Structure formats: C-alpha cells, structure tokens
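In: Sequence plus predicted model, see below.
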Amino acid sequence: MPPKSTAQRRLAKEYQQLSKDRPEGILAGPVREDNLFVWECLLAGPPDTAYEYGVFRAVLTFPKDYPLAPPSMKFDPPLLHPNIYADGSVCISILHAPGNDPLQYERSEERWSPVQSVEKILLSVMSMLAEPNTESGANIDACKLWRHDRPAFERQVHQQVRRSLGL
Amino acid sequence: MSGSEFSFSEEGYSSFDEDDGYQLSIGDTDVAFDPDASQVEVKYSYPDATTSTKVPINRIKYQALSYDDVDALLTEKIKSVNGILQVGDDESMVLLQKFNWKVERLLEKFLDNPIRTYDSVGLNYNAVRVQPEKLIVVDPHFFCPICCSEGSEENPLTTFHSGGCDHRYCVNCYATFLKEKTTLTCMDTECHSVILPSELKSLSDCILNAESVLGDASNGLAASKTEASADFYGYASDSATTRGNDYSDDEDAAELDSDGEEIEEQRYLVEYRKRKLEKAVQDKEKQRNKSLYSRYRSKIMKDHVSQQADFRLCPALDCPGIVRFIDFDSNSASSGITGLEQFANQHRSFPIVECSYNHFFCFYCSKDNHVPIPCPIVKAWIKKCKDDSETANWIDNNTKPCPQCDTNIEKNGGCNHMTCKTCCHEFCWICMGLWKDHKDFYKCNRYQEVKDDSPQKENSRRYLEKYLFYYNRFAAHQTSFKKDREFCSKLDFLIQKVQKRNKVSWIETQFYEEAVRILLKGRHTLMWSYAFLYYVEPCRLKHLIEDSQFELSKAVESLSKLIETVKPENIIKYRQRFIKESGLLKSHKYALVDICLDALASDELLISIPT
C-alpha cells in the first residue's frame, strides 16, 4: 500500500534514508509497518561519558501534521539526565516549535523546523547526553546531582547502563 | 471617593439613543486632532445612558475605527517612515515590526548602523532582492524535501523561495509553514532571510489561483456564491452610509408627526439593516481570513494596534473593531486627570466605549460594559473571583440539588423560577427558597449582615459566606446571561418561523427581539450590581440600592419567564405583555443605574476595597 498523507510520505522517505545511510550509534524505525507515526529507536551512550556502553531505548511519536510540528521523544525506561523528565520525556530545543518560548531562551536556528529530520533529532539527543544543559533543566534532582555530586550522579547512571544491557 | 468638585457642563454631554446605541455628539467635536482620521466621528464614552441623575460623569473622547481605517493608518505610518529611510515600504514595515512599531527607536538604530539593523531582521543591506514575481518557479524536476513530493514533466511542482536566499520548497509546504506566523522567514533554520510582504502576496496569489482553478473544475457554484455575497455586501454598506440620514429623518419626523406607528416602523427598519450590516461585516472578516496574505496583514495590524497605548481592540469574539482614545472631556481635565489609570480610578469615571460594530466595552479594563460599577471595583471583584476559584469550583454552578428531593437540576434557560421535574417542587434558583413565598415578602436579593458578636475565628468564615452570597448571585446571573445570549443568537431564525406561521411582517415581530435584548441588558446590569454591593458597607444608601435591585430582579425574572414560557408561535397574542414588561424592566434598570451613580457621588457611601 503506498503512503497517503504528506506526513506518511515524508516518514517513509526518512526511514528509507536512515536505513540506507545509518549514522553511528543510532538505530531507528517504525514499530509497525502499518503505522509510521510511532518509531522505536536505540541510542548508544556516547563514549567518555557516564552513559558509555549503554544502549537506550526511546519512542518517537509523530503528530499528524509532521513535518510542520515536531515529534515527541520519550526514553523507556526513563534515563537519569538533567534534560530528561522523570517520566523519560526529552526536553531539547530541536523538539520545540519556534514561537512557544516567550523568553527567547533558545535560538531560532536550534528549534524545530520542517527542514529538520529524525536523524538530526537523534544526533542532537546524542550530543545532549554528552553535554547536558543545566541552565534549563527538566529534571531538577538530576541537575542538582550533576552539579554538586558528580560521582553519585555517575554511579546512578552506571546502574541504568548495566540495566539497559540486561546485566 | 475623590472630594473634588465637579461642575456639570453641557459641553461634556451627548445625546443618546439607547435603543440602538447610536449617538450624536453635541458640543465640541474636536476632529482636528488627527488629519488622517478626521472623517471618523469623535464620540464620548459611557453611551448607554438615559440617566436622569445630575451627577457629573467623567468621560473620554474617542473614535470608533473600522479595520480599513486602521489599515490606512498603518499604511500611512509605513509610508512616513519610508519617507525618512528611503528603503522601500516593505522593508520599512519589517523593520518597524521588529522595533515594536516604535518609530524613534528604529530611526535611532538605523541611522547609527543601517547594516546591522538590516541584519537583525534578516535583510541584507547590500544585496539586491529578487523581484516578487520571479520567486514562483514551476519546475518539473523539483523534489520538495518537506513533503517528499516529486515533480514530473506532466505534473511539475510550483516552488517558492524568499527574495534574499535560494532555499526552494513547494508552494503548499511554504504556505502551510507561513500560515500562523507574523515574522516571516525562510524555512531553513540556518538561513535568516526574511520574506517581505510583497513576496508573501505573490505566494498567496499563486495559491489562490491554484485553488480557483480547482474550484472551477469541480463546480462553478462556489464562484456564483461569492458573487452573491459580494452583492449582498454592497447593499449592506449602502445602508450603512444612509443610516445616519435615516436616523435624522426619523428624529425630524418625531417632532413633526404624531403618528407613532410609522416612526416605529422606520426605527425598526434601521435596526434591521444594522443587524444585516453586522452580519456582512462578519462575512467580510471570514473572507479576510481566507487568503494567506490578508490573514498576515490582519495579524500585523492587530500586532501594531496592541503596541499602541491609545488604541484598543474590541474584546468581542472575532470583532475587527478598534477604538482610539483621543482626550479626556472637560470635566476630567478640570479635575486634573492626565492619565488613563488615574481616570479609571475615579469612582465616577466610565470609559465605556462602543466599537464600530456596536459592542460596548471598557476602554481601561477591556471588559464588557460594567456600568454602574467603577473600574477599581470590577478589578477587585475579578481578582477575588479568580483567587477564590477553588472555592468557586466547590460551588457547582451548573447543577443544584432540588431542596425537596435532592435531584440534581441543571438550568437550561435564563428564568430562575424552577420546577423540579421529579417532585414538582417550585423554588427560586437563586435563594433556593419556596417560589410561592417569593412574590411579595421574601426578598432574596438582600444580604443579611450578621451582628458581630461571635468570636474572632468565626470572622473568616463569615467573610467567605458573604462573598459566596454575592458570588452565587453574580454567577447565577452570569450563567443566565450566557444562556439568554445563546437564545439571542438563534433569534433571527425563530422570528422568521413566527413570521411564516402567523403570516405577519417582520416589523410586527420586532417587539419580541427588542424584549430579549432589553432582558439581556437588564440582566447584565443586575449581575454587576451584586459585585458592586459586595464592596459597599451597610448604610442607608446600600438599602436604597438593594430596593432598586430587588425591583429590577423582579422585572428581569418576570420577563425572562415570559420569554421562556410563551412559545414563539404564540408571541403575537402576548404582544402587549411583552411590550409592557420590557418597558418596565428598562425603567427599573435605569433607576438602578441612577441610584448607583448618585450613591457613588455621595460621601455617605462607604466602599471598602482591600488593597
């Protein structure tokens, strides 16, 4: 069955390109063939960070008006990180549509735009794992721990890494 | 209360016709204020008055502008800025928008460093932009990276890009992307190139053309439809220009001719045409939202207006009306009022203005017409209701248990005389008391002050009770008001049905419409009077207001019941009663307004607004 809507056409194209030219440490694709709006992805923890060796599962949910509106991303199980909410939802500027940031916190080129793509989102999330932005933290506890007690933070992350590998 | 002396000056007063809110100003019509808007009549605030009170009321002078007036003002402003900068109208507009429409700030920055100022809005000072017509390119080999559509020889894609860059996308993707935006930029996140209004217009026209081709292919009906509505609009705007004349003829006739019937007929005709005009304006507004460019232009205009201190957008839903503040009247000026806030804090100031589409609102607080309640009380009341919203949630506004059988009852109309479907118990929705006790001696509008002899800890509870007492009544009338207004919106249809069934002309059914509108206004005044009394300390004047309020609430309930119980097909039979009751309600309403105004002017009235 050929894809119908703009969103479906675009998602199919992106999936095709991602599987053809796969970036390192990223594996992503629709959960089911007949529903292109929910993707599952696996991210490898960036080297030289507390997340190293971990393989983290996240779910991307696309809106019907994709690519005009950005998808949302949620780590399942949740990951301890200053920019990830306790329920696993990722808070990163590329997933925010421009216009709903009254304080102009984030620069417009970092925001979502239809020219962005799943690949760019996942690469941004990878670099976010390596360099948290503690100025606008989503998880205050993680922020505090990261700033004041780095060893404890790393210990907790390390446990999650072990769990992600089924150890 | 401010103790300053007010002298009643003839000059500051205007004559009103309260029925259609149309007014003629007498005295100084200071129209030399602004040459570009001099055609627009200068009016005085607080128009809904036929008060007999001799209390001087502070007024403001204002102009009710239409969309086109303000659009012309904006064009004028852009042109004048371009006259200095010499960079082009489009560029001037984009720059002005960036600087929040503040001309001086823009000029300062621009003269200081034109290149950087240009850069800040996504313009390149030295580059020449591509002509707007050349931005639309039909390309058979184009692949749109947004929607992943691919062009072919038979079915080429139409693309668009900003005049300052070369990032092309298909027109549909671009149009959807720009639809809700006020700052137009290239879709590419790395590229800051701005899209100028003329470039947007070119895109918008391209989309419109494509749509009309599609529309023509499917059926020619749509086109004829729009033509018909344009015809209709032409007729309606005719009636708008002749409205004033009609009206003065009407007045002349009133003096010369004693034949009341004919005058009434004329007046209703004016009313009818006015309503038609309103509808046409709404249609035009819808039309305006259709094209990409006109949507953008109307958003830009609203943005411009909201940045100007002396302009207000009409708060009514989808109303394009705009009011421009001009000056304070001589009364206010003589008592040393210079700022709007200072003006609004006076107890006798009512900056109630009327937009070109007959919506009344307060210029200071942008709330609906809250006469006879001064702005500070409105502000305090609204804040109080918001702060206590938890409590207000606790009081369920929509359902109440029947006092006899505890069946939950939802109110579906404005009338407060309730009859329980389950047990046939008749009660008053407001005080939950027996309805049969209600007519003569039971007065549910009066709050019983409790003597202060109980311990301190009881006090807060009593404050809450007092608040809830007034809030319940305020909220009950607010809900009823909304229900009545819903009813009002269905009125045109209803009246047409009545005309058909009874074979009468629409003039003969106008009394019904009139009654509903009088009821709405009366209920509104009644609603606000409860908010007012909450802040008034018990005194002789408060009792007077409560007496008058009671009369009004009786009249409101009575008319409301009449409207609700008499089926539309029978209204002709009840004509006299409708006319009598609505007349009564109207006079009670003005009595209450008068009493409140007199009380506000008196030193006896103690108002306690917590700071």
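Out: Looks like it came in fine. Residues are numbered from 1 along each chain as shown, chains lettered A, B, ... in the order given.

In: out of everything not next to it in sequence, what's closest to B:Ile377?
Out: Of all residues not flanking B:Ile377 in the chain, B:Tyr535 sits nearest, at 5.4 Å (Cβ to Cβ, 6 or more residues apart in numbering or on different chains). Bear in mind the C-beta positions are built from the backbone N, C-alpha and C, glycine included.

In: residues near the one you found, how many?
Out: Neighbour count of B:Tyr535, defined by other Cβ atoms under 10 Å in any protein chain shown: 19.

In: same thing with B:His417?
Out: Neighbours around B:His417, by other Cβ under 10 Å: 16.

In: How about the one 5 residues further on?
Out: Using other Cβ under 10 Å, B:Thr422 has 11 other residues around it.

In: Helix, strand, or coil at it?
Out: coil (DSSP: H, G, I helix; E, B strand; the rest coil).

In: what about the residue lying closest to B:Gly164 once chain neighbours are set aside, distance to B:Cys165?
Out: Excluding its sequence neighbours, the residue lying closest to B:Gly164 (Cβ to Cβ, 6+ apart) is B:Ser193, at 3.8 Å. For B:Ser193, the distance to B:Cys165 equals 4 Å [Cβ to Cβ, to the nearest Å].

In: Check B:Lys573 too.
Out: 73 Å.

In: Relative to chain A, how far out is B:Met187?
Out: Using Cβ to the nearest Cβ, to the nearest Å, one gets 6 Å for the distance from B:Met187 to chain A.

In: got the contact list for that residue?
Out: Each residue near B:Met187 by Cβ atoms under 8 Å, 6 or more residues apart in numbering or on different chains is listed here: A:113-115, B:146, B:167, B:169, B:173-174, B:177.

In: is it true that it lies in a helix?
Out: No - assessed with three-state DSSP, B:Met187 is coil; it does not lie in a helix.

In: Just to check, B:Lys179 is in contact with B:Tyr293?
Out: No - B:Lys179 lies out of contact with B:Tyr293 (Cβ atoms under 8 Å); the separation is 11.2 Å.

In: more neighbours, these two?
Out: For B:Lys179 and B:Tyr293, the more surrounded residue by other Cβ under 10 Å is B:Tyr293, and the numbers stand at 19 against 11.

In: quick one: the helices in the stretch 1-150 of chain B?
Out: For the stretch 1-150 of chain B, the helices defined by DSSP state H, counting those that start in this stretch cover B:67-85, B:89-98, B:103-112, B:114-120.

In: Just give the closest residue to the residue located most distally from the centre of chain B, not the sequence neighbours.
Out: For chain B, the residue at maximal distance from the C-alpha centroid (Cα atoms, centre = their mean) is B:Glu153, at 52.8 Å. In this structure, B:Glu153 finds its nearest non-sequential neighbour in B:Pro140, 5.0 Å apart by Cβ to Cβ, 6+ apart.

In: do B:Pro145 as well
Out: Distances taken as Cβ to Cβ, 6+ apart put A:Val115 closest to B:Pro145, at 6.7 Å, once the chain neighbours are dropped.

In: Helix, strand, or coil at the one you found?
Out: Quick answer, by three-state DSSP: A:Val115 is coil.

In: tell me the contacts of it?
Out: Contacts of A:Val115 (Cβ under 8 Å, 6+ apart): B:145-146, B:187-189.

In: Centre-most residue in chain A?
Out: Chain A, centroid-nearest residue using Cα atoms, centre = their mean: A:Val125 at 4.5 Å.
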